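Asks: Generate coordinates for the sequence data below:
(2 chains)
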Amino acid sequence: MGKKVLALAVVLVVACSVLGFAQKKTDVSVFGWLTTYAKPFSEVFKQAVEKKYPDINLVFKESIYEETSTQYLLMAQSGDAPDVAYTELIMSNELSKIDALEDLTAWISPSIINDLAPAAREACLYNGKLTSIIWDISPYCLFTNAKMLKDAGFSKPPRTFKDFEKFMYALKGKKDAAGNKIWGTNIAGLDDLHVPFLLSPWLYNFGGEWFDKNGKAAVNSPQAVELITWMKKMYDDGIFGPVPIDREMNRTLFMEGDLGVIGEGPWQRGIWRDRSGKAEAFDSTWMLDTYPTRTGAPGKSLMWSSNAAIMKGAKHKAEAAKVIEMWVADPAVVLAYGRLNGGIPAVKSIQNLPEVQNDPYRKVFVSAIQAGGKLPFSPYATIINEFSTLFARAFHDIMLNNAPIQKTLDDAAAQMDSIVDSKK
Amino acid sequence: MKRERAPSVTYNLRGKNMRFALLIIAPAFLIAGIVLYYPIINSALMAFQNIAFGSGKFSWVGTRNFHAVMRSKVFVNTFVWTLVYGSLSTVLLFVIGMYFALLLNRGMPGTNLIRGLLLMPWSIPVFVNAFLWLWLLNVQYGLVNYILVSIKVLPGPVHWTGGSLVAKASVLVAYLWRVFPFNMIVYLAAFQTIDPMYYEVAEIEGANKFQQFFRITVSMLRNIITFTALLNFIWAFQEFTTIWIMTRGGPAGATNTLMTQVYTRSFMERNFGEAAAMGLLWILFLIVFSIFYVRFLFTREEFS
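Replies: Just a heads-up that it's a prediction; the model follows:
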């Protein structure tokens, strides 16, 4: 009897080992905020990766967007890094500066790297190394409430500053069905970082810059003063606001029909489809266009991107590279993201597909890319946190405390120059 | 009343008793060492360094961080507001806590239920309290605006976190609402130590309610009030969650306290050296303040 039990135990142990070995998968972690704002896509992505690579188990480790860059720096210092790091360009530059990222030319297939749009490839080079790779180019454009537009006598979003102002003032004093005030537009910025993000397209289209070609702060230029004066007037007239407001609250305001115009990226379609509970039916409540300009030509934008990188502390770099290759260049994955969230593919072969070329949603973002634009605080984008705090304070001081516009912006410019000098 | 310093007590331990005492307190010291003393010492050292976050590299810069902090207008304004916030909240917590304690001490019907309800703000997590007030004061959908506009107290909705003064008031109200139950319950417990005979004698001698309150209640609870006031002041200096969730220290830095400023400087701007310098200055201030406060205000009183 004892021998039989022993034999059975041995058989069971061997069977479990074989089964375990047969089913052995490598957990490949993807760290970032993908599951926060693109949950449906993350599920599609996981399925696609695990179908193509049955030995990979994709594990998403969620982060809060605002905390992610700090988390990456901590991971770099501790050596405990995820396999795939979902970053943005500024985060990648920060990590590249401390040599925390792999050169992806050693890991990603040359055919994919060569297929990247030149601008997408150039943007990710740090001292000649490809330290991250763009999987989604995301400029900002303006979403406008379709019903408010129609009620104000517009058939499409205003293209000039003059028409935009006309639309804003058409909303003055309006209330929704529940008696809540309807706002025109605003610069959402409870988090200081969002103030320059959302102000950048306006600044560029007014002809301004964060820094001039000599590297001197230009937030006090005549164009910047003109822009802020314009916004201040609308604020005083009760159209521009609420200020400050959390960006999530701002998205909710628009979703509830209490905000006329909001500046956001291609991901926003997916967010509203998910949160409104109306899925694709919510798309009919808004219209999309580039930022207005003086002439009516397509407006420049804040040029943002979503990147992927492999940190030096990653444990499964080869597997991470496979995941990133699919994320960037697998048509099924890239097109799924486009359908669910919008966004522009970074590789030419997918950019040229009819589905992308003929997509009216993505066409708007493509025209923003073609009009031009850059990161806020270029060429000192990595000092974004300090600049954001400083600039947001100045902006709110002007809006809320009636601080003199020129003087406040002069002070902000001087402080920004001082920060740049201290970093040299 | 004769005013004397509080007595000091010493214990003499030798040999086996000393070793046993050390053994008993060793685990607590070890844990305190890891989670408290080491971080404090490390932070103090960081105040004299320039740290490249993420690379693990640093360099010694002497007192440069302190000079930068003391010269900063933002730090000075933040420090002043933190002092105002701490002082104002301490006074208001005394007033509100004492008011409700006196009310509950009357022993009216339903006292237990009311006491339980009044204790609830203290029992909910800090971040829940912060989100609660964030939504109550929301400019568009908040209940406060809805009620005040409906009953015509306000002509229109107010952006409670969108102006310097109102934002300061909003974070203060949220903080007071959460903390006042502590003061209330401490004073209520302390009332039970006062012999009712004092009030009877005072009434016979013609003292009115105000005189009884100040000459008897406040006098006899002086040390308790002094102690809770010190705690309230220190807690106000440490307040972070409510302010960060409601306003992030804005708008335009209006509600920025030393705590939020240290957080911003370190984790947002990655300037750990200056953040540590701020923290050190703030701790030194609190230590000096506490020493003088306790030395001059705590008393041993004799009544004749």
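
Asks: check contacts around residue A:131.
Replies: Contact analysis of residue A:131 by Cβ atoms under 8 Å, 6 or more residues apart in numbering or on different chains lists A:92, A:95, A:96, A:101, A:102, A:103, A:104, A:124, A:125, A:309. C-beta: built from backbone N, CA, C; applies to glycine.

Asks: from those residues, which is closest to chain B?
Replies: residue A:95 (7.3 Å; Cβ to the nearest Cβ).

Asks: Report how many residues lie close to the closest one.
Replies: Neighbour count of residue A:95, defined by other Cβ atoms under 10 Å in any protein chain shown: 26.

Asks: helix/strand/coil for it?
Replies: Classification of residue A:95 using DSSP: H, G, I helix; E, B strand; the rest coil returns helix.

Asks: How about it: what's its closest non-neighbour residue?
Replies: Using Cβ to Cβ, 6 or more residues apart in numbering or on different chains and skipping the chain neighbours, the partner closest in space to residue A:95 is residue A:101 (5.0 Å).

Asks: So for the longest helix along chain B, mean pLDDT?
Replies: Secondary structure assigned by DSSP state H gives helix B:73-105 as the longest helix of chain B. Here helix B:73-105 scores 95 as its mean pLDDT.

Asks: Ok, stretch B:55-68 next?
Replies: For stretch B:55-68, the per-residue pLDDT averages 90.

Asks: can you list contacts of that stretch?
Replies: A:76-77, A:98-99, B:46-52, B:273-274, B:276-277, B:281.

Asks: and chain A, what are its domains?
Replies: Domain assignment for chain A by automatic domain parsing gives A:25-138+A:304-371, A:141-302+A:375-423.

Asks: Columns mean pLDDT on top of those, output as CSV?
Replies: Formatted as CSV, those follow (pLDDT from 0 to 100):
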stretch, mean pLDDT
domain A:25-138+A:304-371, 92
domain A:141-302+A:375-423, 93
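
Asks: so which of the ones you listed comes closest to residue B:27?
Replies: domain A:25-138+A:304-371 (27.3 Å; Cβ to Cβ).

Asks: how long is that closest one end to end?
Replies: Using Cα to Cα, to the nearest Å, one end of domain A:25-138+A:304-371 lies 46 Å from the other.

Asks: that older thread, dump the domains of chain A to TSV, plus distance to residue B:58.
Replies: Output for the domains of chain A, formatted as TSV (distance: least, Cβ to Cβ, whole Å):
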stretch	distance to residue B:58
domain A:25-138+A:304-371	12
domain A:141-302+A:375-423	16
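
Asks: Would you report the backbone torsion angles of the residue nearest to residue A:286 when sequence neighbours are not counted?
Replies: Excluding the flanking residues, the one nearest residue A:286 by Cβ to Cβ, 6+ apart is residue A:143, at 4.7 Å. Dihedral pair for residue A:143: phi -90, psi 130, per degrees, to the nearest 10.

Asks: contacting residues for residue A:143?
Replies: Per Cβ under 8 Å, 6+ apart, neighbours of residue A:143: A:254, A:261, A:262, A:263, A:264, A:268, A:286, A:287, A:288.

Asks: partners of it in the sheet?
Replies: residue A:262, residue A:288 (DSSP bridges).

Asks: what's the spacing between it and residue A:198?
Replies: According to Cβ to Cβ, to the nearest Å, residue A:143 stands 12 Å off from residue A:198.

Asks: Now the common contact residues for the two.
Replies: When contacts are counted by Cβ under 8 Å, 6+ apart, the set common to residue A:143 and residue A:198 consists of residue A:263.

Asks: Mind checking which of the contacts of residue A:131 are buried?
Replies: The neighbour-count test (16 or more other Cβ atoms under 10 Å in any protein chain shown) marks A:92, A:95, A:96, A:101, A:102, A:104, A:124, A:309 as buried among the contacts of residue A:131.

Asks: Including distance to residue B:169, could the residues you listed go into CSV?
Replies: Below are the buried ones among the contacts of residue A:131 laid out as CSV (distance: Cβ to Cβ, whole Å):
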residue, distance to residue B:169
A:92, 42
A:95, 42
A:96, 45
A:101, 46
A:102, 51
A:104, 52
A:124, 47
A:309, 45
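
Asks: Let me have the residues you listed in TSV, extended by secondary structure.
Replies: Conversion of those to TSV gives the following (three-state DSSP):
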residue	secondary structure
A:92	helix
A:95	helix
A:96	helix
A:101	strand
A:102	coil
A:104	helix
A:124	coil
A:309	strand
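
Asks: of those residues, closest to residue A:41?
Replies: For these, the nearest to residue A:41 is residue A:309 (19.0 Å; Cβ to Cβ).

Asks: Skip the chain neighbours and tell me the closest residue to the closest one.
Replies: residue A:132 (3.9 Å).

Asks: Residue A:164: neighbour count?
Replies: 24.

Asks: ok, it - contacts?
Replies: Counting by Cβ under 8 Å, 6+ apart, residue A:164 touches A:158, A:261, A:292.

Asks: That one looks like it's in a helix, true?
Replies: Yes: using three-state DSSP, the assignment for residue A:164 is a helix.

Asks: Report the separation between it and residue B:43.
Replies: Distance of residue A:164 to residue B:43, given as Cβ to Cβ: 49 Å.

Asks: Can you report how many residues lie near the residue in the stretch 51-200 of chain B positioned nearest to chain A?
Replies: Closest to chain A within the stretch 51-200 of chain B is residue B:54: 3.5 Å, counting by Cβ to the nearest Cβ. Neighbours of residue B:54 under the rule other Cβ under 10 Å: 22.

Asks: which residues of the stretch 151-300 of chain A fall in strands?
Replies: According to DSSP state E, counting those that start in this stretch, the stretch 151-300 of chain A carries its strands in the segments A:261-264, A:286-289.

Asks: Could you say which helix or strand holds the residue sitting nearest the centre point of chain B?
Replies: Chain B has residue B:235 as the residue nearest its centroid, 2.3 Å off, counting by Cα atoms, centre = their mean. Residue B:235 belongs to helix B:222-238 when assigned by DSSP states H and E.

Asks: Work out the gap between that helix and the centre of the chain.
Replies: 7 Å (Cα atoms, centre = their mean, to the nearest Å).

Asks: Stretch A:215-224 now?
Replies: 25 Å.

Asks: what sits up against it?
Replies: In contact with stretch A:215-224 (Cβ under 8 Å, 6+ apart) are residues A:203, A:206-212, A:379-380, A:391, A:394, A:406, A:409-410, A:412-414, A:416-417, A:420.

Asks: how far away is the closest residue to residue A:261 other than its chain neighbours from residue A:303?
Replies: Nearest residue to residue A:261, sequence neighbours excluded (Cβ to Cβ, 6+ apart): residue A:185, at 4.1 Å. Per Cβ to Cβ, residue A:185 is found 21 Å from residue A:303.

Asks: cool, residue A:381 as well?
Replies: Residue A:381 is 11 Å from residue A:303, by Cβ to Cβ.

Asks: With neighbour numbers in mind, choose between these two.
Replies: residue A:303 (23 against 17).

Asks: Pull up the residues of the stretch 201-350 of chain A that are close to chain B.
Replies: A:241, A:242, A:243, A:244, A:245, A:249, A:253, A:258 (Cβ under 8 Å from any Cβ of the partner chain).

Asks: Among these, which are located in helices?
Replies: Among those, DSSP H puts A:249, A:253 in helices.

Asks: most neighbours, which of the residues of the stretch 201-350 of chain A next to chain B?
Replies: residue A:244 leads those on contacts (other Cβ under 10 Å) with 31 neighbours.
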